[in-house]
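Peer 1: Kindly return the folded structure for what I paste below:
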Amino acid sequence: MSTQEKTGKKTLDIIINPKVLGKEFFNSAFDTKKAQSFLDAFIDSCDLNGLFDAMQYAPVRVGLGAKSFVTNALGINDLDSGFFNAFVDLSNSIKLDKEKIFKVAVQCFNAQESQKIARWARGSYGYIFDQAHKDFYGVCKMLKHLDTSYKTFAILFNVDAKSTGDYLLNEILYEKNVDKVALRRLLLSYRVDVNYMFGDSFKDNDTKTRLAIVRLALVYKNEPVASRFLKRVAIEDPNSAIRQLADPSLKLVNEKTFACVKEELNFAIATGESTNAKEFTHRLATDTEFKKLAEDLFFCVYKNDQLIEVVVVQDDKVTDLENQGFKLDDSYTIKLLHPVEIPTSAAFIKTLNIRQPLLQLERPSFFVDANECRANIINRLPDTMVSLESFNFAVKRHGFKFICLKEGANLEHVVVSLCGIACVLRFELPVLASQNRVVTLKGARFYKESDFVSIRGKQYLEGARPMQIAEVPRRIFSELVYLLMKVGGVYP
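Peer 2: As a prediction, the model looks like this:
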């Protein structure tokens with residue numbers, strides 16, 4: 001902010017020195033217009049640390065029994081609360097818009113301990129508490145507008161726990177574009193009973209209400225009561241939309257489309273996607289591009305999920321590794337071979353000098369380590385540092401998404417999924433911003449993809465336990481670790 005207006009008159013310079021501004025303001029005669037300008041300048045520019053410094057020169061009384069401070073009703077008499085209440089008194093004296101006072105109170109209450117305005121948290125608590133006693137639902141509406149994280153609603157539980165619980169339940173059930181994970185935390189923290197909604201009376205509600213309750217259950221789906229409820233609804237509810245909402249696997253899923261046959265086959269190597277022998281034979285006979293690529297690849301033949309042979313395609317027929325013709329029975333299923341699943345009898349193919357159209361035999365492969373099983377964490381990139389630009393590029397390129405795991409951990413985890421299994425990688429950003437920002441990669445864990453909750457385009461993982469590494473199929477484990485190594489810059 002410039003110290004001079006276009007008119008040439010001297011203005012309040014709050015950016016350069018709010019302490020000087022506060023000293024001058026409180027040592028001069030009170031003027032309503034000047035006070036309005038004084039407060040608006042700090043609040044409109046969101047310079048609350050500047051406001052904190054300026055208010056240090058306000059005359060305050062904090063002795064026991066002082067009635068001018070709201071916080072005294074709660075037995076709080078510290079000096080910082082006195083300065084906050086001096087701000088409230090000054091604001092009320094000039095009839096400052098109440099939303100602006102609440103804006104300051106909310107930010108002070110939610111401030112991190114390292115911020116100056118965190119010292120006003122007790123005073124802001126007292127102000128919101130007092131106002132809620134006077135107009136509970138008016139304060140609810142104000143806080144919802146100013147605090148999308150709903151953290152300040154913790155104050156309202158101390159005013160009227162039942163009304164606060166009912167209000168938040170209504171938000172999570174019927175309102176759109178709200179942070180349902182934050183609401184869930186509050187409801188759990190203050191033991192608001194939601195389980196009764198998942199009882200026998202559920203079926204007596206109308207369709208709209210049943211839909212809302214199922215959405216609530218999806219937010220709680222990692223809780224046993226909600227999980228059992230969703231399974232029951234998916235079977236019993238008369239409305240197909242509600243059944244599909246309760247169990248997304250009931251939805252019709254379109255087949256994955258590929259830009260080319262190479263992309264399709266690479267996906268099949270990574271996932272172990274199978275096809276039956278009849279379809280495989282038909283594809284070889286009718287799809288020229290597929291056949292040409294297949295002639296340089298290795299396939300596994302399974303019967304009842306048991307590997308019975310590794311085969312190749314050559315001269316319009318399927319043969320085993322000794323060039324003997326192999327008849328494909330209709331009961332067989334076919335998968336593309338993955339390096340981690342090469343049987344001992346076929347180990348020699350790793351030594352063959354074959355130029356393949358896809359990364360198959362030379363594909364990087366990763367096996368579970370005993371220490372990883374014990375700790376149940378993948379730590380193959382210990383404190384690897386990559387530039388923020390490279391990290392963001394790799395995350396997007398290799399199909400990772402940013403997720404939220406816990407309060408205050410936004411953008412500290414990324415996830416990639418394969419065949420219903422999600423690999424969650426933790427990373428750390430530097431505390432202080434700099435031109436050359438770097439990301440430090442940490443450990444990774446596996447979860448079931450169904451454990452995630454999607455809200456407003458973001459994914460959350462609440463209340464779920466990580467999978468045991470030993471439970472992850474070998475091929476999927478190898479491919480997910482391969483993707484982790486790509487993000488770490490080990491592979492292109």
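
Peer 1: just for the protein, where's the confidence low?
Peer 2: Residues of the chain that meet the criterion pLDDT under 70 lie in 1-16, 61-78, 248-256, 404-411, 431-436, 455-458, 462-463.

Peer 1: Can you tell me the number of residues neighbouring Ala111?
Peer 2: Residues near Ala111, counting by other CB atoms under 10 Å, number 19. All C-beta spots, glycine's among them, are computed from the backbone N, C-alpha and C.

Peer 1: contacting residues for it?
Peer 2: Residues near Ala111 by CB atoms under 8 Å, 6 or more residues apart in numbering: Ile117, Ala118, Trp120, Ala121.

Peer 1: now Gln131
Peer 2: Neighbours of Gln131 in contact, by CB under 8 Å, 6+ apart: Phe102, Val139.

Peer 1: pretty sure it is in a helix, no?
Peer 2: Yes: Gln131: assigned to a helix according to DSSP: H, G, I helix; E, B strand; the rest coil.

Peer 1: Relative to Phe298, how far out is Cys312?
Peer 2: Just so we're on the same page, residue 312 is Val rather than Cys. 6 Å (CB to CB, to the nearest Å).

Peer 1: So the two - more neighbours on which side?
Peer 2: Shown here are Val312 and Phe298; by other CB under 10 Å, Phe298 has more neighbours (23 against 19).

Peer 1: neighbours of Ala444, just the number please.
Peer 2: By other CB under 10 Å, neighbour count at Ala444 equals 26.

Peer 1: Could you name the specific helix or strand carrying Tyr302?
Peer 2: Under the criterion of DSSP states H and E, Tyr302 resides in strand 299-303.

Peer 1: Does the residue lying closest to Ala346 once chain neighbours are set aside belong to a helix, a strand or coil?
Peer 2: Distance criterion CB to CB, 6 or more residues apart in numbering; nearest residue to Ala346, sequence neighbours excluded, is Val310 at 4.6 Å. Following three-state DSSP, the label given to Val310 is strand.

Peer 1: thinking Val310 is in contact with Glu322, fair?
Peer 2: No: if you go by CB atoms under 8 Å, Val310 and Glu322 don't touch, sitting 10.6 Å apart.

Peer 1: Show me which of these two is the more surrounded one.
Peer 2: Neighbour count, other CB under 10 Å: between Val310 and Glu322, Val310 has more, with 19 against 6.

Peer 1: what residues are up against that one?
Peer 2: By CB under 8 Å, 6+ apart, the contact list for Val310 reads Phe298, Phe299, Cys300, Val301, Asp320, Leu321, Leu337, Ile342, Pro343, Ser345, Ala346, Ile349.

Peer 1: same check, this time on Pro382
Peer 2: By CB under 8 Å, 6+ apart, Pro382 has no neighbours at all.

Peer 1: now it: how far from Leu441?
Peer 2: 8 Å.

Peer 1: ditto for Glu341
Peer 2: Relative to Leu441, and taking CB to CB, Glu341 is found at 28 Å.

Peer 1: Also Ser478?
Peer 2: Note on Ser478: its distance to Leu441, by CB to CB, is 19 Å.

Peer 1: quick one: the strands in the stretch 151-300 of the chain?
Peer 2: 275-276, 299-303 (DSSP state E, counting those that start in this stretch).

Peer 1: related to what we said a few turns ago, can you tell me which of the contacts of Ala111 are buried?
Peer 2: Those of the contacts of Ala111 that meet the buried threshold are Ile117, Ala118, Trp120, Ala121, by 16 or more other CB atoms under 10 Å.

Peer 1: quick one, longest strand in the chain?
Peer 2: strand 438-448 (DSSP state E).

Peer 1: for that strand, packing partners?
Peer 2: strand 384-387, helix 388-397, strand 421-428, helix 474-487 (3 or more CB pairs under 8 Å, 6 or more residues apart in numbering; DSSP states H and E).

Peer 1: so what's Ile43 closest to, chain neighbours aside?
Peer 2: Ile43 sits nearest to Lys100 (CB to CB, 6+ apart), 5.1 Å away.

Peer 1: What strand or helix carries the one you found?
Peer 2: In the assignment (DSSP H and E), Lys100 maps to helix 98-109.

Peer 1: What residues sit buried inside that helix?
Peer 2: Buried-residue list, helix 98-109, by 16+ other CB under 10 Å: Ile101, Phe102, Lys103, Val104, Ala105, Val106, Gln107, Cys108, Phe109.

Peer 1: Most widely separated two among these?
Peer 2: Ile101 and Phe109 (12.5 Å; CB to CB).

Peer 1: still on that earlier bit, relative to Phe198, which of the helices and strands packed on strand 438-448 is closest?
Peer 2: Ranking the helices and strands packed on strand 438-448 by proximity to Phe198 (CB to CB) places strand 421-428 first, at 25.8 Å.

Peer 1: contact partners of the closest one?
Peer 2: 378, 391, 400, 403, 405, 412-417, 439-449, 451-452, 461, 466-467, 472-473, 476, 480-481, 483-484, 487.

Peer 1: Could you give me the PyMOL syntax to select whichever of those are buried?
Peer 2: Restricted to buried positions by 16+ other CB under 10 Å, the PyMOL selection for the contacts of strand 421-428 reads:
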select buried, resi 378+391+400+403+405+412+413+414+415+416+417+439+440+441+442+443+444+445+446+447+448+451+452+461+466+467+472+476+480+481+483+484+487
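
Peer 1: Spatially nearest residue to Tyr220, not counting backbone neighbours?
Peer 2: Ala226 (3.9 Å).

Peer 1: Hmm, that neighbour is touching Met197, no?
Peer 2: No: judged on CB under 8 Å, Ala226 makes no contact with Met197 at a distance of 9.5 Å.

Peer 1: what do these two both touch?
Peer 2: In terms of CB under 8 Å, 6+ apart, Ala226 and Met197 are both contacted by the residues Ala217.

Peer 1: coming back round to it: roughly how far apart are the residue nearest to Ile43 and Gly488?
Peer 2: Lys100 sits 47 Å away from Gly488, going by CB to CB.

Peer 1: Could you tell me whether Ser454 really is in a strand?
Peer 2: Yes: under three-state DSSP, Ser454 sits within a strand.

Peer 1: how much space between it and Asp193?
Peer 2: The gap separating Ser454 from Asp193 is 25 Å, by CB to CB.

Peer 1: And for Leu461?
Peer 2: Taking CB to CB, one finds Leu461 at 24 Å from Asp193.

Peer 1: ok, now Glu428?
Peer 2: Counting by CB to CB - Glu428 and Asp193 are separated by 38 Å.

Peer 1: Counting neighbours, go ahead and name the busier of those two.
Peer 2: The neighbour comparison of Glu428 against Asp193 (other CB under 10 Å) goes to Glu428, with 13 against 9.

Peer 1: Looking at strand pairing, list the partners for the more buried one.
Peer 2: Thr440 (DSSP bridges).

Peer 1: Can you say which helix or strand has Phe52 in it?
Peer 2: helix 48-55.

Peer 1: could I have that helix exported to CSV, CA atoms only?
Peer 2: Output in CSV follows, covering the C-alpha atoms of helix 48-55 (Å, rounded to 0.1, in the frame of the first residue of the first chain):
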residue,chain,number,x,y,z
LEU,A,48,-4.6,-9.9,10.9
ASN,A,49,-1.0,-10.1,12.2
GLY,A,50,-0.8,-6.4,11.4
LEU,A,51,-4.1,-5.8,13.3
PHE,A,52,-2.7,-7.8,16.2
ASP,A,53,0.4,-5.5,16.4
ALA,A,54,-1.7,-2.4,16.1
MET,A,55,-4.1,-3.4,18.8
